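Enquirer: Give me coordinates for this.
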Amino acid sequence: MKISTLWESVGNTPLLRIGTLSKRTGNEVLGKAEFMNPGGSIKDRAAKGMIRTAEEKGLLKPGATIVEGTAGNTGIGLALLGRERGYRVVVTMPDNQAREKYEFLEAMGAEVRKVPVVPFANENHFFHAARKLSEQNGWWWANQFENTANADIHAETTAEEIWQQCDGKVDIVVASCGTGGTLGGVSSALKKKNPKLEVVLVDPFGSGLYSYVREGKVETTGGSITEGIGIMRITENFKRAVVDRAMRVSDQEMIEMLYHLAREDALVVGTSAALNVRAAYELARERPNQNLRIVTFLCDHGSRYASKIFNPDFLASKSLVVKPLP
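Expert: Got it, this is the predicted structure:
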């Protein structure tokens with residue numbers, strides 16, 4: 001019998017074959033079940049990597065306070081692992097996120113400070129709000145966007161797990177970006193093992209990475225209901241990414257996949273996961289019946305967004321319709 005701590009339970013998530021999509025396309029569409037981390041998302045890995053590195057460098061000591069600006073999941077990971085290790089946790093969050101995230105954080109004893117939704121250049125942005133609290137109070141700022149311990153742990157753990165689970169046969173990796181940590185760490189590590197691996201960035205409208213990969217310019221149009229992904233700058237974590245291609249997926253396409261996964265594959269996932277899988281599915285449709293192994297990330301569970309994505313009134317307010325996949 002082996003008894004683990006929450007800290008030890010982060011990672012080693014299953015790689016799931018998404019049955020309906022694999023059968024439709026004649027390719028293996030695989031999802032890394034990151035919602036099975038103890039805090040319910042892939043951001044538990046980033047939180048662990050950043051806390052571990054800060055402790056090793058002597059930046060986090062007993063009784064310290066961790067502060068971070070987050071759309072929710074990194075804050076949850078920091079709260080989960082930080083509280084277990086005896087730290088106080090304060091998070092600044094945009095005030096338009098799903099209420100389940102605020103409630104989850106507060107249940108774990110984290111202090112949530114909501115700030116208005118403003119562009120990154122505005123000093124009131126949640127990122128800058130966390131930085132200022134750190135400077136004013138001497139708290140340790142996780143700084144998930146620029147802290148490369150984020151990408152490091154994905155190279156060390158996520159990429160290695162995928163390689164082992166696929167017995168060294170990975171053809172395509174598909175990922176969206178919030179901080180760039182997952183894509184930066186996984187793509188750089190797996191490309192070293194298999195230079196022929198195709199790495200595909202998927203971006204929602206309102207994010208500038210699609211344009212950056214294709215044209216070298218951080219530009220965008222429109223917006224998205226997806227939470228925690230999409231950025232308008234090139235972070236230190238994203239600079240590590242080795243990307244071959246970029247795709248853009250609309251909210252309507254994402255919602256179609258989100259409901260398909262829930263109803264046909266019993267996978268109730270969040271918006272970023274549905275975006276990832278929609279892109280993986282489209283890639284599989286482009287090259288049917290080639291037995292390609294396409295890996296993407298099921299970043300978190302859909303229950304974290306239930307008040308929005310499973311609310312007919314919310315969907316109608318955004319002109320989104322639940323309908324079958326093409």
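Enquirer: Wait, Pro119 touches Phe126, no?
Expert: No: taking contacts as Cβ atoms under 8 Å, Pro119 lies outside contact range of Phe126: 11.5 Å. Glycine gets a C-beta too; all of them are placed from N, C-alpha and C.
Enquirer: Who has more neighbours out of these two?
Expert: Phe126 (25 against 8; other Cβ atoms under 10 Å).
Enquirer: Which secondary structure state does Lys169 sit in?
Expert: Here Lys169 is recorded as coil under DSSP: H, G, I helix; E, B strand; the rest coil.
Enquirer: For Gln144, see how far away Thr20 is.
Expert: Thr20 is 34 Å from Gln144, where distance means Cβ to Cβ, to the nearest Å.
Enquirer: Hmm, I typed the wrong one, I wanted Glu198.
Expert: Using Cβ to Cβ, Glu198 is found at 27 Å from Gln144.
Enquirer: between the two, which one's more packed in?
Expert: It is Gln144, of Glu198 and Gln144, that has more neighbours when counted by other Cβ under 10 Å, with 28 against 17.
Enquirer: any idea what the more buried one is structurally, helix, strand or coil?
Expert: State at Gln144, reduced to three classes by three-state DSSP: coil.
Enquirer: Contacts only, for Asn12.
Expert: Residues near Asn12 by Cβ atoms under 8 Å, 6 or more residues apart in numbering: Glu161.
Enquirer: Mind jotting down where the helices sit in the stretch 151-300 of the chain?
Expert: Using DSSP state H, counting those that start in this stretch, the helices of the stretch 151-300 of the chain run over residues 159-165, 181-193, 209-215, 251-264, 271-286.
Enquirer: Would you tell me what helix or strand Glu103 is located in?
Expert: helix 99-107 (DSSP states H and E).
Enquirer: which residues are in contact with that helix?
Expert: By Cβ under 8 Å, 6+ apart, helix 99-107 touches 71-73, 75-76, 79, 91, 93, 112, 114, 303-307.
Enquirer: in that helix, what's buried?
Expert: Glu100, Lys101, Tyr102, Phe104, Leu105 (16 or more other Cβ atoms under 10 Å).
Enquirer: after it comes which helix or strand?
Expert: Using DSSP H and E, the next helix or strand after helix 99-107 towards the C-terminus is strand 111-115.
Enquirer: Identify each buried residue in that next one, please.
Expert: Neighbour-count burial for strand 111-115 flags Val112, Val115 (criterion: 16+ other Cβ under 10 Å).
Enquirer: Would you mind giving the orientation angle of it with respect to helix 99-107?
Expert: Strand 111-115 and helix 99-107 are oriented at 140 degrees to each other (axes from the mean of the first three to the mean of the last three Cα atoms, to 10 degrees).
Enquirer: What strands line up against strand 111-115, and which way round?
Expert: Take DSSP bridges as the rule and strand 111-115 pairs in its sheet with strand 88-94 (parallel).
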